[in-house]
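I would like the atomic coordinates for the input below:
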Amino acid sequence: MPLRTVIVDDEPHARKYLRTLLAADSDFEIVGECTEGGQAVAALIELRPDVVFLDIQMPDLDGFEVLRAVNGEISPIVVFCTAYDQFALKAFEAFALDYLLKPFDEDRFARTLARVKTQFRGQNGPDKTAALVESVAAQRPAPRRLLVKSGGRVLFLKFEDIRRIEAADNYVRFHTADGEHTMRETIGNIERQLPEDLFIRIHRSAIVNLELIREFQPLPGGEARVRLDDGTELTVSRRHRERAEARFGAK
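Coordinates of the predicted model:
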């Protein structure tokens, strides 16, 4: 059975070159092509390929962010295709199956395909995709936006556009200036992705953008209340009140 393969590259000639080379090997079947990172995230989750040929530099999400977004949901064999070696080589040699430094020839590509097939036949080792994501996350600057999978779409919310976040069971709802978006995720996992200088957890089911808080009011019984710039009032639980007071300088 051929290996289900997805190509991700924003350059048309690069995708065409990969298509041509892959067509010569019946062990591979191209099931999808993507021109940008956001499209790639949705396609990888839906198509669940065995192999992905992944570009690094793309307009919206780069290759690292694509892997970070799908990590935990799928673990394909990853082959990076890049014209940049200044950062790639150190990380890729440790965690990726292979990297192709553009421009590469047919012989180099054939060696890559041989490695992919060998890896796939004996794919019982640790998940290198997860290790790569961890390594890259530790070395790269913190992202300035949050990737949200909502209603079959992949959205990129700028942190400053998120007003507040509410939890309900295993779902979270993002309140933004443009509306609301719901995602299947825990609020704890979302909290770990947010910059601490911009957001604060005020309740087991609520996170608020600090810039939008206009009033902090202690309440009897150990709770408190915050009022946002649009008049929305939210409860600060007893568990989170002390930390909130410290952040607001209200103690």
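
which strand residues bridge residue 6?
Per DSSP bridges, the residues bridged to residue 6 are residue 32, residue 52.

now do it against residue 54, distance only.
Distance from residue 6 to residue 54, counting by CB to CB, to the nearest Å: 8 Å. In this view, the C-beta of every residue, glycine as well, is placed from N, C-alpha and C.

what's the answer for residue 108, then?
As for residue 108, its distance to residue 54 is 17 Å (criterion: CB to CB).

so for these two, which sits in the more crowded spot?
residue 54 (27 against 12; other CB atoms under 10 Å).

and residue 21, backbone torsions?
Taking degrees, to the nearest 10, you get phi -70, psi -40 for the backbone angles of residue 21.

again, but for residue 59
phi -60, psi -40.

can you check the one 10 residues further on too?
Reported as degrees, to the nearest 10, the phi and psi values for residue 69 are phi -70, psi -30.

tell me the buried residues in the top helix by length along the chain?
The longest helix of the chain (DSSP state H) is helix 106-121. Neighbour-count burial for helix 106-121 flags 109, 112-113, 116-117, 119 (criterion: 16 or more other CB atoms under 10 Å).

and which of the residues you listed is nearest to residue 205?
For these, the closest approach to residue 205 (CB to CB) belongs to residue 119, at 42.8 Å.

ok, and the closest non-adjacent residue to the most centrally placed residue in the chain?
Centre of the chain computed as the mean C-alpha position; nearest residue by CA atoms, centre = their mean is residue 69, 2.4 Å away. Excluding its sequence neighbours, the residue lying closest to residue 69 (CB to CB, 6 or more residues apart in numbering) is residue 41, at 4.5 Å.

that's a helix at the one you found, yeah?
Yes: with DSSP: H, G, I helix; E, B strand; the rest coil as the criterion, residue 41 is part of a helix.

which pLDDT value goes with it?
Note for residue 41: predicted pLDDT of 89.

circling back: quick one: mean pLDDT for the longest helix of the chain?
In the prediction, helix 106-121 has an average pLDDT of 91.

next, the nearest residue to residue 117 once chain neighbours are set aside: phi, psi?
Closest residue in space to residue 117, ignoring its immediate chain neighbours: residue 27 at 6.0 Å, by CB to CB, 6+ apart. Dihedral pair for residue 27: phi -80, psi 0, per degrees, to the nearest 10.

I figured residue 27 hits residue 2, correct?
Yes: using CB atoms under 8 Å, residue 27 is in contact with residue 2, at 5.6 Å.

and residue 104, its phi and psi?
Dihedral angles (degrees, to the nearest 10) for residue 104: phi -120, psi 150.

that one: neighbouring residues, count only.
Counted with other CB under 10 Å, the neighbours of residue 104 add up to 15.

repeat that for residue 57.
The number of residues near residue 57, taken as other CB under 10 Å, comes to 13.
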